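A.B. asks: Sequence and predicted structure below; questions after.
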Amino acid sequence: MEKGLPEEQFALKVKRLKLKKQDLIEMYRTMCQIRQFELMADKLYALGKVHGTMHLSAGQEAVAVGISRATRVEDFLINHHRGHGHFIAKKADINIMMAEFLGKEAGYCKGRGGSMHIADFSSNNLGANGIVGGGIPHSLGVGLAIQMMKRKEICITIFGDGASNEGTFHETLNMAALWKLPILYIIENNKYGMSMDIARAAAKLPLAQRAEAYGIPWKYIDGNDLLTVYETTRDAVDFIRAGNGPMLIETQTYRYFGHSKSDRNLYRSKEEIDTWRNSKDPIIRFENLLIENGFFTKSEAETIDNEALSVIEEAVKFADASPDPDPSTVEEYVYA
């Protein structure tokens, strides 16, 4: 696994990457917003305000923020079912996003998409998918359209470790390589496909090396190291925009919540979860580095986190005050 520089060299890495203090603080702020959104979503589900199920990404914030920071706002995003963080990192309006979660007319999909199918075509966010690996082949259409129209965007396609065992993964990578399409594939490996440890589901690790079969360059990195995610993604994006075809990055990360709301975590120990929370948490790691290198104080970090919580609380108020969809429109936006 490729890792970042030792922590004592953090300031040098920041300088090499040409990141300013405000860049670092904004990246930290976005991670806090994602974490607070996920914690609030869990509470709202318990209160019966969120219907269906959902897949929370708490613990994986560095992947979403690092990728978003290294790409352009006009780039296309194909998300997956655990994609709330990627949606927020792509500058979603959190009020509208929360309204969607609560099934309100003011939501991005007028309350019809909910957690797993939220999309915003106006920002080239092509949406999440409730089918494991379902979004992977969509990247071919997007990438081919970009290529044929000679546009400058790329397509970022995100999926989990479990989806990499689907046939669509291999079929899609083969075609993307054959046509040299401008696509960045991201495996967000949080160690478990539902309850299955990836070490028991894959004959050989890391998963990213599967790209070699199709002549696609790949990287396997620490997904909880924000600057490593940013730098690796930035370099991959430059490679793709130069017309070299697709690339694949596997980010090793971890989810704190169960697969979905019906998951009781019987397949992993509390000690394992606590180890990741206490020693590998991406927000705590980045916060400590910022404090140790004088970018902000502990008090300032707490203020940013409290501000993030306030943003989420205001979003809940907005969603609660928004009207429900009119029952007479139930047949709109459907194919029949």
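C.D. replies: Arrived safely, thanks for sending. Worth saying up front: this structure is predicted, and the values here are computed from it rather than measured.

A.B. asks: What values do phi and psi take at the nearest residue to Ala202 once chain neighbours are set aside?
C.D. replies: Nearest non-adjacent residue to Ala202, counting by C-beta to C-beta, 6 or more residues apart in numbering: Asn165, 6.9 Å away. Heads up, the C-betas are built off the backbone N, CA and C, glycines and all. The phi and psi values for Asn165, taken as degrees, to the nearest 10, are phi -90, psi 0.

A.B. asks: This protein: strands as residue ranges?
C.D. replies: Assigned by DSSP state E, the chain shows strands spanning 76-78, 155-160, 183-189, 192-193, 196-197, 218-222, 247-252.

A.B. asks: partner strands of the longest one, parallel or antiparallel?
C.D. replies: Pointing back at strand 183-189 there. strand 155-160 (parallel), strand 247-252 (parallel) (DSSP bridges).

A.B. asks: tell me the angle that strand makes with strand 218-222.
C.D. replies: Relative orientation of strand 183-189 versus strand 218-222 (axes from the mean of the first three to the mean of the last three C-alpha atoms, to 10 degrees): 40 degrees.

A.B. asks: average pLDDT across strand 183-189?
C.D. replies: Averaging pLDDT along strand 183-189 gives 98.

A.B. asks: Name the residues of it that come out as buried.
C.D. replies: Ile183, Leu184, Tyr185, Ile186, Ile187, Glu188, Asn189 (16 or more other C-beta atoms under 10 Å).

A.B. asks: In space, what's closest to the third one - neighbours in sequence excluded?
C.D. replies: On the basis of C-beta to C-beta, 6+ apart, the spatially nearest residue to Tyr185 that is not a chain neighbour turns out to be Leu248, at 4.3 Å.

A.B. asks: wait, what's in contact with the one you found?
C.D. replies: Contact analysis of Leu248 by C-beta atoms under 8 Å, 6 or more residues apart in numbering lists Leu173, Leu184, Tyr185, Ile186, Ile187, Ala208, Ala211, Ile216, Pro217, Trp218, Lys219.

A.B. asks: what's the most distant pair in those?
C.D. replies: Leu173 and Lys219 (14.8 Å; C-beta to C-beta).

A.B. asks: Between the two, which has more neighbouring residues?
C.D. replies: Leu173 (24 against 19; other C-beta atoms under 10 Å).

A.B. asks: and stretch 36-46, which residues are buried?
C.D. replies: Going by neighbour count (16+ other C-beta under 10 Å), the buried part of stretch 36-46 is Gln36, Phe37, Glu38, Leu39, Met40, Ala41, Leu44, Tyr45.

A.B. asks: for the second one, what are its contacts?
C.D. replies: Translated: Phe37. His84, Gly85, Ile88, Ile94, Met97, Met98, Ile312, Ala315.

A.B. asks: List the buried residues for stretch 241-255?
C.D. replies: Under 16+ other C-beta under 10 Å, the buried positions of stretch 241-255 are Gly245, Pro246, Met247, Leu248, Ile249, Glu250, Thr251, Gln252, Thr253, Tyr254, Arg255.
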